[in-house]
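In: only the shape, not the letters, is given here:
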């Protein structure tokens, strides 16, 4: 069985290097949030937890119109086969396999920045993305 791969690399200085696969997921997730949450104010919360030996990170969005979007990242153990993030993202609680919770946190950061208009879409995924 293969060891999980890293979806996103980051440096201590804040430089983030997402894979093309990660950026495709970020684009789809941000689109799901933006099209589902039509209220004037959007918010999210993070909920890390462990269950049956697996680490999870809940990433829940809502707006003032009571619309919701939910993601749950789970860290694959080294003996599991890594699955790519889903290409199609909906509002019904998507489960996303990641190599570790660092990948999950970096994906959350990229999605939040994209939704909040901080980060522009990258067409060349080999270049650095600066996050704020």
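Out: Sure thing, it's come through. Model, not experiment: these values are computed from the prediction. Residues are numbered from 1 along each chain as shown.

In: ok, now how distant is residue 68 from residue 95?
Out: To residue 95, residue 68 is 16 Å away according to CB to CB, to the nearest Å. From N, CA and C alone the C-beta is placed, and that goes for glycine too.

In: tell me the contacts of residue 36?
Out: With contact taken as CB atoms under 8 Å, 6 or more residues apart in numbering, residue 36 is in contact with 61, 67, 68, 69, 91.

In: in terms of pLDDT, where does the last one sit?
Out: In the predicted model, residue 91 carries a pLDDT score of 52.

In: do the same with the fourth one
Out: With respect to pLDDT, residue 69 has a value of 92.

In: which strand residues bridge it?
Out: residue 61 (DSSP bridges).

In: just give me the neighbour total for it.
Out: Neighbourhood size, residue 69 [other CB atoms under 10 Å]: 25.

In: is it true that it touches residue 35?
Out: No: counting by CB atoms under 8 Å, residue 69 does not reach residue 35; the two are 9.3 Å apart.

In: only the buried residues of stretch 67-75, if you could.
Out: Under the neighbour-count criterion of 16 or more other CB atoms under 10 Å, stretch 67-75 has 67, 69, 70, 71, 72, 73, 74, 75 buried.
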